[in-house]
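**Student:** Here is my input, please return the structure:
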Amino acid sequence: MSSLPQEIRIALPSYISLAKHSVPSTSAVRHVVCPITRLQVIKSMKFRGKIFFERYEDGPSRDRARPLQNLRQKLIDQSSPRSTRGRSRSEYHVEGQLMMISVLVVDWSAANDRGPKPKADAIWTCLVSPEGEETLYHRNRQSAERWITTAIADEIAQGRRVLAGFDFPFATPYGFAHNLTGSDDPRDLWDWFAVKVSDSPSSNNRFDLAAAINSRFPGIGPFWGNPLVREIPHLPRRGTARDFRWVPERRFVETRATGTFDCWQLSGAGSVGSQMFLGMPVLARLRRHFDAACWPWDRDLASLTLMEVWPSLIAIQVRAATSPSDIRDAVQVRVLARKIASMSPAQLQRVLDVTPTPEGWIFGVDREIELSDSSIGTVVDGQMK
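**Tutor:** The predicted structure is shown next:
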């Protein structure tokens, strides 16, 4: 394989931007240079006066490459704006700028410190990068945030951009954020929670804060789920005790994803509201620290791009990959991170290409076929196999 070319060159229209901010180009065309690894068998063809090489993802174990049928159309498709917002496990040189992608998936938790032994219903992370993958247990939110911040900084220092997915709501049903903050921008809601939330490994104020929010509205609600011994005025123990509900009660994306829970529940199975209360402050700090892009509201990738994920979208694949001795939380972040990292540029673009609204979106909803089509894979020597 030593005689094979080291890279291919794909022509892209000059208006395509892979950076956070567009860089004006005086040329009609700029080029993306993609590496060809030792695990890829290639064939070439001449197109628009340049030599292109077809990537063969199955590796050298087979003695023939895929036919070059429709390669011309593939190259045209790869040169369209639909395939340029993100590219996993690849290097880009755009007018001298290097871009590589790492994927981080975080299974968040509102529980207090869970102790040193890895267990379910805790925080788990999986980072898939060109160097390999790492799945970790974190005993509390504070240690998890420190590790996440350091890991992202390390990836950026290596010249990579990070797609970071967290499994709690990034936004609330339409109108609620504006009522609370005076702004429809969910990122202002993140900042609001960052100021209001007090959190430590052993305690936090999320139930009292929810009660204070409820007191702004007539009646009882919309938040519910007080699990404490003491009564908390304005925060009922059961959802049926509410006589005030926010309308709409669910985000539109949640109506498209069967099995999701709304953000108003703070205790019990499916209490994503508590995860939201204690997760949004972390998003706010990461956004400020790294000047992060926030999908789907920011349309271009930054050094760090934050996005909402829901591992249950790939529940079938998670079940298939889980053995009796496995902790499901660990398996699902690993499977989802591998799924995203193994997506082709066109697949990733189709998943990211949604119309942003103040309610946000969940990565992969209404694009489940793209998640099922991408290989789970494992990472060996920095390559997805």
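
**Student:** Alpha carbons only: can I get the host helix or strand of residue 156 in CSV?
**Tutor:** Under the criterion of DSSP states H and E, residue 156 resides in helix 141-157. The C-alpha trace of helix 141-157 is given here as CSV (Å, rounded to 0.1, in the frame of the first residue of the first chain):
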residue,chain,number,x,y,z
ARG,A,141,-21.4,16.2,38.1
GLN,A,142,-18.5,18.2,39.4
SER,A,143,-15.9,15.6,38.5
ALA,A,144,-17.7,14.9,35.2
GLU,A,145,-17.6,18.6,34.2
ARG,A,146,-13.9,18.9,35.0
TRP,A,147,-13.1,15.8,32.9
ILE,A,148,-15.3,17.0,30.0
THR,A,149,-13.8,20.4,30.0
THR,A,150,-10.2,19.0,30.1
ALA,A,151,-11.0,16.3,27.4
ILE,A,152,-12.5,18.9,25.0
ALA,A,153,-9.5,21.2,25.6
ASP,A,154,-7.1,18.4,24.8
GLU,A,155,-9.0,17.5,21.6
ILE,A,156,-9.0,21.1,20.4
ALA,A,157,-5.3,21.4,21.3
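
**Student:** Where does pLDDT dip in this protein?
**Tutor:** Across the chain, the ranges flagged by pLDDT under 70 are 1-99, 373-385.

**Student:** now the strands for it?
**Tutor:** 7-13, 29-35, 43-47, 50-54, 91-94, 97-107, 123-129, 132-138, 160-166, 293-294, 304-308, 379-380, 383-384 (DSSP state E).

**Student:** what residues go with each domain of this protein?
**Tutor:** Listed by automatic domain parsing, the domain ranges of the chain are 7-84, 101-169+276-384, 184-273.

**Student:** out of those, deepest packed?
**Tutor:** Mean neighbours per residue, mean count of other Cβ atoms under 10 Å, is largest over those for domain 101-169+276-384, with a mean of 19. Where C-beta positions appear, they are placed from N, C-alpha and C, glycine not excepted.

**Student:** Now find how far off-centre it is within its chain.
**Tutor:** Offset of domain 101-169+276-384 from its chain centre (Cα atoms, centre = their mean, to the nearest Å): 5 Å.

**Student:** ditto for stretch 252-266
**Tutor:** Averaging C-alpha positions (Cα atoms, centre = their mean) puts stretch 252-266 17 Å from its chain's average.

**Student:** All set, thanks.
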